[in-house]
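Asker: Just need the structure, nothing else, for what follows:
(chains A and B)
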Amino acid sequence: MNSNATQSSWGTFVLLAGMLVFAPIAEGQIRITKPAGEKITIQLAGLSGGEDEASRVFLQTLQRNLDRSGWFSVVRAGQAEVSAVGSVQVRRNQLHVQCTVMGTANRQQYLSQSYRHAADDARRLAHRVADDIVEAVTGRKGIASTRILLVGVTDNARELFIMDADGGNLRQLTRDRNIVVRPRWGPTANQLTYTGYLQRFPDVYLVELETGNRTVVANYSGLNSGGVLSPDGRDMAVILSKDGNPELYIKNLRSGRLTRLTNTPRANEASPSWSPDGRQIVYVSDQAGRPHLYIISRDGGAPRRVTSRGTANVAPDWGPNGLIAFSSRIGGRYQIAIMDPQTEQIRYLDTPDHADYEDPSWAPNGRHLVCARRENFRSSIYVLDTVGDPPVRLTQQGGDWFSPAWSPE
Amino acid sequence: MIMVGVAVGLGVTGCKKRGAAEGRSGAVAPIGGLHGDSIYGEGLGPRFDDGEFIEGQFQAVYYAYDSAQISATERAKLEEVAEYLRRNPQVNLIVEGHTDERGSREYNLSLGERRALAARAYLIGLGIDSGRLQTRSYGQERPVAFGHNEEAWRQNRRAEFVIAQ
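Answerer: This is a model prediction of the structure:
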């Protein structure tokens, strides 16, 4: 990324009329907050762009990103509460954007910033500007600049792919003609782990995205799967069968030392996910006959079973908001459920169709989830909103796409 | 857990005596694998990762939905594998576990591994040295039948055997 922010100034103590609620945030700034589900209207007509492709892509992407941010509704003109004005131009293969965001009624300024970025990467700059607008107006972190890992099928092999959070810019990361099972991000958006078979057995691989380096981090005899880095990046929770049965372990990546956490000779463990503070792990076990979720301390001890409804509760993802998203088979189909591990209360997301929704992964904003939606044995990737915006399909291509993972930043 | 320990003990004893005909009938205490139990404490030895690999020499063993139990109808297939291994003491075996396409992919990796471990435990019970038996789970990733119906799922819930020599 080569974008340069050349200047910045922030509006302060903005007051708008009407039904808006004002919340003081750090640095004494006032942002607009609204009841969940209500949108701030914004118009972009004052952002004048050139006729060129880069400007067109920029404006189109910016509009779409703001519409999908969860906080805004982009309107054509007229009664928008907030408006963006400025210019979008290409000079010497560089896209130059000047963007000022004002409260319409009171002319207060939330954001005024200039950007410069490679013109052939206009989408990336649009993501950044969208996130800056979201944060300046609402005080919340945007998600437009984040990325999503996913697995796709090509020539009957499973390959690892990555795309922007809006489904654009899909790129293939592996060309091994091998198998990739459920990629997971590490604590930063530079590291990921997945299960692959490059050495003919299921091993856990660690990839550094910036360098493309790939190393094996678990290749014990038998099964190595579900590897996921701890929030501090020092340890990996992983499922191993080397001692005769699939069990949950923690591997210290520096010393290589293994600690076994479960002891279930008659059961499977799978799919560990760390709590945000790194002290606990949620995982799947079928020790009670059906796959359910359990929480165990990273120091071991007795696990606590936290699900009982449904015939299967699998693929947990413990989000930055402290909530655990998982797929729950209930009434014969998989739905996305969210649990507060303190109270063990579970809420099912409203997906009113007959498809299966599986493998949820939290966005870093703690509001959106990405998941695989399967219908007639074809899987595609969707974003769900816990506040209530309708599901959005991200993979527009045909084919089979599954196991999405939303980057942590 | 104690039950499992006993089962493992029987399996290993049979292995050392190189006979274990009583393991075949199921009349004695169940050996590991018969009820989907693992051979706990009987960890896996080093992988066989060089040499020649020969697939398709034996019939696949099939499993019920979400189960790693070796059913009575499948035991003869494992006895045939054990017999081959007894007659060819120089070869090793990789037991591959597979599942149908339903359910979570990661859970299916663990389920496939348990299926492979159950077949391995049965072979150990029939007198095969555990060091000659490795497992490899593919979960749902390598189906043999590509349909989306009961018949395809039945064919995909299986263990296969790869000779390593």
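Asker: When you work out contacts or count neighbours from here on, use the C-alpha atoms and nothing else.
Answerer: Noted.
Asker: On the three-state scheme, B:Leu78 is what?
Answerer: Following DSSP: H, G, I helix; E, B strand; the rest coil, we place B:Leu78 in the helix state.
Asker: Distance check, it against chain A.
Answerer: 19 Å (CA to the nearest CA, to the nearest Å).
Asker: Distance of that residue relative to A:Leu209?
Answerer: 45 Å (CA to CA, to the nearest Å).
Asker: for B:Ala64, same thing?
Answerer: When B:Ala64 is compared with A:Leu209 (using CA to CA), they lie 41 Å apart.
Asker: before we move on, back to that, if you count what's nearby, which of B:Leu78 and A:Leu209 comes out ahead?
Answerer: Comparing B:Leu78 with A:Leu209 by other CA atoms under 10 Å in any protein chain shown, the one with more neighbours is B:Leu78, at 22 against 13.
Asker: and the spatially closest residue to the more buried one that is not a sequence neighbour, what does it touch?
Answerer: In space, and not counting its chain neighbours, B:Leu78 is closest to B:Leu123: 6.7 Å by CA to CA, 6 or more residues apart in numbering or on different chains. With contact taken as CA atoms under 8 Å, 6 or more residues apart in numbering or on different chains, B:Leu123 is in contact with B:78-79, B:81-82.
Asker: Residue of chain A closest to chain B, please.
Answerer: A:Asp243 (3.9 Å; CA to the nearest CA).
Asker: what about that residue, how many residues close to it?
Answerer: 19.
Asker: for the closest residue to it other than its chain neighbours, what are its contacts?
Answerer: Using CA to CA, 6+ apart and skipping residues adjacent in sequence, the residue nearest A:Asp243 is B:Gly43, 3.9 Å away. Residues near B:Gly43 by CA under 8 Å, 6+ apart: A:241-244.
Asker: Could you check the pLDDT of A:Gln98?
Answerer: For A:Gln98, the model assigns a pLDDT of 97.
Asker: ok, what's across the strand from it?
Answerer: A:Gln98 forms beta bridges with A:Ser87, A:Ser114, as assigned by DSSP bridges.
Asker: Next: the one 5 residues further on.
Answerer: Using DSSP bridges, the beta-bridge partners of A:Gly103 come out as A:Val82.
Asker: shouldn't it be in contact with A:Gln109?
Answerer: Yes: using CA atoms under 8 Å, A:Gly103 is in contact with A:Gln109, at 6.4 Å.
Asker: how about the helices in the chain?
Answerer: No chain was given, so I picked chain A. A:53-68, A:122-138 (DSSP state H).
Asker: Please refer instead to chain B.
Answerer: B:2-17, B:21-25, B:75-87, B:105-125, B:150-156.
Asker: Quick one: residues in contact with the third one.
Answerer: Contacting residues not belonging to helix B:75-87 are listed as B:24, B:58-61, B:91-92, B:119, B:122-123, B:126-128 [CA under 8 Å, 6+ apart].
Asker: let's see 10 Å
Answerer: B:18-19, B:24-25, B:34, B:57-61, B:70, B:88, B:91-93, B:119-120, B:122-129, B:132, B:161, B:163 (CA atoms under 10 Å, 6 or more residues apart in numbering or on different chains).
Asker: Weed out the non-buried ones from those.
Answerer: B:18-19, B:24, B:34, B:59-61, B:70, B:92-93, B:119-120, B:122-129, B:132, B:161, B:163 (16 or more other CA atoms under 10 Å in any protein chain shown).
Asker: quick one: terminal-to-terminal distance for stretch A:397-409?
Answerer: Stretch A:397-409 end-to-end distance (CA to CA) = 25 Å.
Asker: distance between that stretch and the chain's centre?
Answerer: In terms of CA atoms, centre = their mean, to the nearest Å, the centre of stretch A:397-409 is found 9 Å from the chain centre.
Asker: now check it, is it near chain B?
Answerer: Yes: contact of stretch A:397-409 with chain B (CA under 10 Å from any CA of the partner chain) involves A:402-403.
Asker: Report the buried residues of stretch A:153-165.
Answerer: A:153, A:157-165.
Asker: Same check on stretch A:222-234?
Answerer: In stretch A:222-234, counting by 16+ other CA under 10 Å, buried: A:222-231.
Asker: Using CSV, list the CA coordinates for that stretch.
Answerer: Output of stretch A:222-234 as CSV, limited to C-alpha atoms (Å, rounded to 0.1, in the frame of the first residue of the first chain):
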residue,chain,number,x,y,z
GLY,A,222,-1.7,-39.1,12.4
LEU,A,223,-4.0,-36.1,12.3
ASN,A,224,-2.8,-32.4,12.6
SER,A,225,-5.7,-30.0,12.1
GLY,A,226,-7.5,-27.0,13.4
GLY,A,227,-4.2,-25.1,14.2
VAL,A,228,-4.9,-21.6,15.3
LEU,A,229,-2.5,-19.1,16.8
SER,A,230,-3.1,-17.6,20.3
PRO,A,231,-3.8,-13.8,20.5
ASP,A,232,-0.2,-13.2,21.5
GLY,A,233,1.1,-15.3,18.6
ARG,A,234,3.3,-17.5,20.9
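Asker: how about it against chain B, any contact?
Answerer: Yes: using CA under 10 Å from any CA, stretch A:222-234 reaches chain B at A:222-226.
Asker: Now, those residues that are in strands?
Answerer: A:224-226 (DSSP state E).
Asker: Now render those residues as JSON lines, adding pLDDT.
Answerer: Formatted as JSON lines, those follow (pLDDT from 0 to 100):
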{"residue": "A:Asn224", "pLDDT": "98"}
{"residue": "A:Ser225", "pLDDT": "98"}
{"residue": "A:Gly226", "pLDDT": "98"}
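Asker: helices and strands of chain B: which one bottoms out on pLDDT?
Answerer: Least confident helix or strand of chain B, by mean pLDDT, DSSP states H and E, is helix B:21-25 with a mean of 31.
Asker: per-residue pLDDT, residue 75?
Answerer: Defaulting to chain A. Note for A:Val75: predicted pLDDT of 94.
Asker: um, chain B though
Answerer: So B:Arg75 comes in at 96 (pLDDT).
Asker: do A:Ser308 as well
Answerer: 95.
Asker: tell me the contacts of it?
Answerer: Applying CA under 10 Å, 6+ apart, the residues near A:Ser308 are A:288, A:290-293.
Asker: Also near chain B: which of these, exactly?
Answerer: Restricting those to those near chain B - CA under 10 Å from any CA - leaves A:290-291.
Asker: Of the contacts of A:Ser308, just say which sits nearest to A:Lys34.
Answerer: Among the contacts of A:Ser308, A:Leu293 lies closest to A:Lys34 (CA to CA), at 34.5 Å.
Asker: what's across from the closest one in the sheet?
Answerer: With DSSP bridges as the rule, A:Leu293 is bridged to A:Val284.
Asker: quick revisit: in the contacts of B:Leu123, which residue is surrounded by the most others?
Answerer: Counting by other CA under 10 Å, top hit in the contacts of B:Leu123: B:Leu78 with 22 neighbours.
Asker: Contact partners for A:Thr215?
Answerer: A:Thr215 sits in contact with A:193, A:204-208, where contact means CA under 10 Å, 6+ apart.
Asker: Where does pLDDT dip in the stretch 101-250 of chain A?
Answerer: Along the stretch 101-250 of chain A, no part satisfies pLDDT under 70.
Asker: So A:Trp71 sits against A:Arg140, correct?
Answerer: Yes: contact status for A:Trp71 versus A:Arg140: in contact at 9.2 Å, counting by CA atoms under 10 Å.
Asker: Among these two, which residue is more densely surrounded?
Answerer: In this view A:Trp71 and A:Arg140 are compared by other CA under 10 Å, and A:Trp71 has more residues nearby, 22 against 16.
Asker: Put the buried members of the contacts of A:Ser308 into a PyMOL selection.
Answerer: Filtering these down to the buried ones (16+ other CA under 10 Å) takes a single PyMOL command:
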select buried, chain A and resi 290+291+292+293
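Asker: and B:Gln59, what pLDDT?
Answerer: 98.
Asker: which non-adjacent residue is nearest A:Asn190?
Answerer: A:Leu209 (5.1 Å).
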